[in-house]
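Peer 1: sequence and predicted model, in that order:
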Amino acid sequence: MRGPPRRSRRRRARGSVFLRCGLVWGLGWGTLPEGTPGPRGRQKGRGPRCKREGSSGRRVLGQGRGHQLFCLTSLRWHPGTVWQMVEYKRATLRDEDAPETPVEGGASPDTVEVGSLPILLMIMALPKSLPLPNYLKVSYPGIMSPATDPTHSTCLTEACIRVAGKILESIDRGVSPCEDFYQFSCGGWIRRNPLPDGRSRWNTFNSLWDQNQAILKHLLENTTFNSSSEAERKTQRFYLSCLQVERIEGAGSSATDETSLTRLGGWNITGPWDQDTTGPPHSSPVYVSADSKSSNSNVIQVDQSGLFLPSRDYYLNRTANEKVLTAYLDYMEELGILLGGQPTSTREQMQQVLELETQLANITVPQDQRRDEEKIYHKMSISELQTLAPSMDWLEFLSFLLSPLELGDSEPVVVYGTDYLQQVSELINRTEPSVLNNYLIWNLVQKTSSSLDRRFESAQEKLLETLYGTKKSCTPRWQTCISNTDDALGFALGSLFVKATFDRQSKEIAEGMISEIRSAFEEALGQLVWMDEKTRQAAKEKADAIYDMIGFPDFILEPKELDDVYDGYEVSEDSFFQNMLNLYNFSAKVMADQLRKPPSRDQWSMTPQTVNAYYLPTKNEIVFPAGILQAPFYARNHPKALNFGGIGVVMGHELTHAFDDQGREYDKEGNLRPWWQNESLAAFRNHTACMEEQYNQYQVNGERLNGRQTLGENIADNGGLKAAYNAYKAWLRKHGEEQQLPAVGLTNHQLFFVGFAQVWCSVRTPESSHEGLVTDPHSPARFRVLGTLSNSRDFLRHFGCPVGSSMNPGQLCEVW
């Protein structure tokens, strides 16, 4: 927020559709942790019912910008959002990798047991006018305790004491911060947080999302629920329909048999099929989003996709992924048999589908080779697309998808995978029609299976246990249903969440912090020696133009406007499967409606309850939902050092995305165009090459990180930390030093860096760690801390880390 003029430009955001894809840079929690979908369940009043990781309609599997075979069968609807491009969708919550084996650091006998209740009670009992006794202070190897300074008094409020206890519980005092700052900051947290059953990863974000889910459960199960908004009433009906386990079990697989397979001409695996009805498969996702080179208009966009497993690597690196491929084939066979396939032939037919997917994987371009959008953006007419990929009738397909819009051969389309589409067309021409039919229907089946009975869930559990290392666990059914409801009616659910939880003053404070961080970023921009003045001025104008949205879109608190967003979506308490089908159809209609409308800058790509944040380059905007404006990221009664180290770094991260290796390609208006001078661009690439090579050296379980794949997020992490810390120093110059926390033995400057690191404390299975390395554009959590801080001169100075220590290797990689 840059003051009143910027605020006066705000308009109420209205709803639209969100196809799970997007040209969005997020804070780094990638696609699908269990914290977001979190769906494992036991129905209220029933016995245990295990749910698999990643169900609830959110895909945990799939490669590319989108994972749709049919857009009609894979739409996630988030009103208040726009159609966007998948590969760069980084706005969804994702925890990062667990560290290697934790270092068990023992406490020295003459120091306090961190986080112990007796010590905290002793501190609370002290007169606030007295200094904290030395025996209640914590010491650490390798750093000096803060010098006694009467101007730095100790904060003895209940909030300060509680947060001090949490910090001390997380720290590992047996580790020097100059040798391994991640273990120093998170070692205690790791020991206290073994990976929960049923989870492949666990961190701060998962924990906070679980809290938000519990709040939403209470709101939706309130027997006195009586909303004036029909959209909010639909939310409760949808949630309750998801809880109707008996009806879901009773329907079995009949819903898929009757409503989907027969309408598509049948499935060769389960019975007769009509080749003319089925037609060739469209393995590429189609969506409507802002045109990257003309951001004030929407356009049809097509990209590569078609894979079920998370990455092409799973198909092509067979030696390393043999267990996963076998488990996947077992899963395919089991679902085919559940839907009526013959045990004697289903596996052979599914093997053919797997071989077709492997061929698709072979022509799929790796994500780290698609980071320059200027090179992969190709705008053409439908007739030109037909010439490029003639095996598919594009006009017929797109007209069907965007019905009732009338499309012609001259309709513009942006294609992000021309080589891929051309090779897919050739692959279709040389593949047996029966295999194409099996592949087509398989994609439909696996997308709808999450709405079917327990047998289908059990089948996927076995695959996910192999793929992610997830151990089976029985958790409440309501969590599944909260996540499903968030997918379907997220902004109506957000209305309930905001009215129950959000402190409006937090929005004003957050706006002030963004302004301070923007100023700090621009000040550092002015000091860059490698950037020429013309490019610097354009960069400053872009930073000034970044539009910030905080908390929630205003329309969700206006019942009529909220109802208008969901008008036409029929929701019944009686049939969860029918509600999902209605959702797909309604989403498709809203997508079609977007094509002839200009993008709205005030549309949101996240629901208010989401624990995340994002940057959208085509709008040059940063967004911070209410869900992340909570502890440990932010609390009004926490020290500013923690708030700037928490939500402040988040804000700096998103702002810096406007200037990472992809965001820098967009100008202040959100248009993809060259606006850098050649000499500055060359210097930028030299600086980013250093960072790319730095992260290439890090390893998890013997596997190296891909510094190219993670470059944009690493730039944002490093730039965000620097901007937030500089903003904190500016705050101190204006307001003076703040009180120190009791017992922690850290200066407030040191506390800033510890607070930043503890946001990323996490644990993760080896299987999930591998998946993250091959799919995630973010570095694992451990290296988001170590990599960023080893490039921070301020961190190295405040902790006194000498050159040659692990945290100070001597060469710093700096971009912004």
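Peer 2: Looks like it arrived, so ask away. Numbers count the residues shown, from 1 in each chain.
Peer 1: so where's this structure shaky on pLDDT?
Peer 2: 1-152, 250-283, 450-451, 472-475 (pLDDT under 70).
Peer 1: residue ranges of the strands in it, please?
Peer 2: 25-26, 201-203, 286-291, 294-302, 378-381, 412-415, 547-551, 614-616, 621-625, 699-700, 703-704, 762-764 (DSSP state E).
Peer 1: any idea how far residue 182 lies from residue 783?
Peer 2: Going from residue 182 to residue 783 by C-beta to C-beta, to the nearest Å gives 8 Å. C-beta: built from backbone N, CA, C; applies to glycine.
Peer 1: now swap in residue 186 and tell me
Peer 2: From residue 186 to residue 783 the distance is 13 Å (C-beta to C-beta).
Peer 1: the two: who's more crowded?
Peer 2: More crowded of residue 186 and residue 783, by other C-beta atoms under 10 Å: residue 186, with 31 against 26.
Peer 1: and stretch 649-666, end to end?
Peer 2: 22 Å (C-alpha to C-alpha, to the nearest Å).
Peer 1: before we move on, what about stretch 665-684?
Peer 2: Note: stretch 665-684 ends 12 Å apart using C-alpha to C-alpha.
Peer 1: what's it in contact with?
Peer 2: 290, 292-295, 372-374, 377, 530-532, 534-536, 538, 541-542, 544-545, 616-620, 658, 664, 815 (C-beta atoms under 8 Å, 6 or more residues apart in numbering).
Peer 1: now it, how far from the centre of its chain.
Peer 2: 26 Å (C-alpha atoms, centre = their mean, to the nearest Å).
Peer 1: next one: stretch 598-613
Peer 2: Per C-alpha atoms, centre = their mean, the centroid offset for stretch 598-613 relative to its chain is 13 Å.
Peer 1: okay, how far is it across it, tip to tip?
Peer 2: Span of stretch 598-613 from end to end, C-alpha to C-alpha: 24 Å.
Peer 1: and the closest residue in space to residue 523 that isn't next to it in sequence, what does it touch?
Peer 2: Residue nearest to residue 523 in three dimensions, not counting chain neighbours: residue 726, with 7.0 Å by C-beta to C-beta, 6 or more residues apart in numbering. Contacts for residue 726 (C-beta under 8 Å, 6+ apart) come out as 520, 521, 523, 524.
Peer 1: quick check: the first one touching residue 733?
Peer 2: The reference is to residue 520. No. Taking C-beta atoms under 8 Å as the definition, residue 520 is not a contact partner of residue 733, at 11.4 Å.
Peer 1: look at those two and report which has more neighbours.
Peer 2: A count of neighbours by other C-beta under 10 Å puts residue 520 above the other of residue 520 and residue 733, at 24 against 8.
Peer 1: contacts only, for the more buried one.
Peer 2: Applying C-beta under 8 Å, 6+ apart, the residues near residue 520 are 652, 723, 724, 726, 727, 730.
Peer 1: which one is the first one nearest to, not counting chain neighbours?
Peer 2: Computed as C-beta to C-beta, 6+ apart, the closest residue to residue 652 that is not its neighbour in sequence is residue 720, at 3.3 Å.
Peer 1: quick check: the one you found vs residue 790, distance?
Peer 2: Residue 720 is 15 Å from residue 790, by C-beta to C-beta.
Peer 1: which of those two has more neighbours?
Peer 2: Remark: of residue 720 and residue 790, residue 720 carries more neighbours, 26 against 23, as counted by other C-beta under 10 Å.
Peer 1: the more buried one and residue 647 touch, don't they?
Peer 2: No. Judged on C-beta under 8 Å, residue 720 makes no contact with residue 647 at a distance of 10.8 Å.
Peer 1: returning to what we had before: helices - which of the contacts of stretch 665-684 land there?
Peer 2: Judged by DSSP state H, the subset of those located in helices is 373, 374, 534, 535, 536, 538, 541, 542, 544, 545.
Peer 1: out of the residues you listed, who's nearest residue 795?
Peer 2: Comparing these against residue 795 with C-beta to C-beta picks out residue 536 as the nearest, at 26.1 Å.
Peer 1: tally of neighbours for that closest one?
Peer 2: 17.
Peer 1: what do you get for residue 226?
Peer 2: Neighbours of residue 226 (other C-beta under 10 Å): 8.
Peer 1: the one 10 residues further on too?
Peer 2: Burial measure for residue 236: 22 neighbouring residues, criterion other C-beta under 10 Å.
Peer 1: report the separation between it and residue 243.
Peer 2: On the measure of C-beta to C-beta, residue 236 and residue 243 end up 11 Å apart.
Peer 1: could you do residue 639 as well?
Peer 2: Counting by C-beta to C-beta, the gap from residue 639 to residue 243 is 42 Å.
Peer 1: now swap in residue 315 and tell me
Peer 2: 37 Å.
Peer 1: next, give phi and psi for the residue nearest to residue 376 when sequence neighbours are not counted.
Peer 2: Nearest non-adjacent residue to residue 376, counting by C-beta to C-beta, 6+ apart: residue 416, 5.1 Å away. Backbone torsions of residue 416, given as degrees, to the nearest 10, read phi -110, psi 10.
Peer 1: burial count for residue 416?
Peer 2: When neighbours are counted by other C-beta under 10 Å, residue 416 comes out with 25.
Peer 1: residue 301 is in contact with that one, correct?
Peer 2: Yes. Assessed by C-beta under 8 Å, residue 416 is found in contact with residue 301 at 6.9 Å.
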